[in-house]
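Enquirer: build me a model from this:
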Amino acid sequence: MEEKTTDDLNQELMSKDDIDSYIKENRFYFLDRSISELLNALYDKKDISKAALARKAGMSEVYLHQVFSGRRKPSRDKLLCLCVGLGATLDETQRLLRQAALAEIYPKNKRDAIIGFGITHQMELSEINDKLFVENEKTLF
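Expert: Sure, this is the predicted structure:
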């Protein structure tokens, strides 16, 4: 089976008269992984302990465990904190946000531009928050 891009799927969806046939033909392309599964997959690629991640992400180990086990669903800001703590790239962060059905980092938004810059330049969460505060933008925590 040839892999379809998001653009391919979008064009196909817009050209269909029947949603049921689209769903049936493309059922293998739907994202059905939970946020905890997505986070665990990203965590497995990184060399960091959960305790260190909790510290770097500015959250308690209890909350972190609940997120990774699927008992809690993190907000977009908490997910961004986790990406910063994991040292995720901007591409990894965007992919995680997209797959979690959350808004991607949008560079035309000043707050998002600051966050995206911080992620790209591997800044600490406190540095990103300081810049957000200076610019009168909502901090990540």
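
Enquirer: can you name the farthest residue from the center of this structure?
Expert: Largest separation from the mean C-alpha position in the chain: residue 17, at 32.6 Å (CA atoms, centre = their mean).

Enquirer: can you check what pLDDT the model gives that residue?
Expert: Each residue has a pLDDT score; the one for residue 17 is 93.

Enquirer: quick one: it from residue 25, how far?
Expert: Separation of residue 17 from residue 25 (CB to CB, to the nearest Å): 13 Å. (Each C-beta comes from the backbone N, C-alpha and C, glycine too.)

Enquirer: one more: residue 84?
Expert: 39 Å.

Enquirer: helix/strand/coil for the residue farthest from the centre of the chain?
Expert: coil (DSSP: H, G, I helix; E, B strand; the rest coil).

Enquirer: mind telling me what element residue 33 is part of?
Expert: Assessed by DSSP states H and E, residue 33 sits outside every helix and strand.

Enquirer: how deep is it tucked in, by neighbour count?
Expert: As a burial measure, residue 33 scores 12 neighbours (other CB atoms under 10 Å).

Enquirer: now do the same contact list for it.
Expert: Counting by CB atoms under 8 Å, 6 or more residues apart in numbering, residue 33 touches 41, 99.

Enquirer: so residue 128 is in which element?
Expert: Per DSSP H and E: helix 125-134 holds residue 128.

Enquirer: with residue 24 instead?
Expert: With DSSP H and E as the criterion, residue 24 is inside helix 19-25.

Enquirer: show me what that helix is packed up against.
Expert: helix 6-15 (3 or more CB pairs under 8 Å, 6 or more residues apart in numbering; DSSP states H and E).
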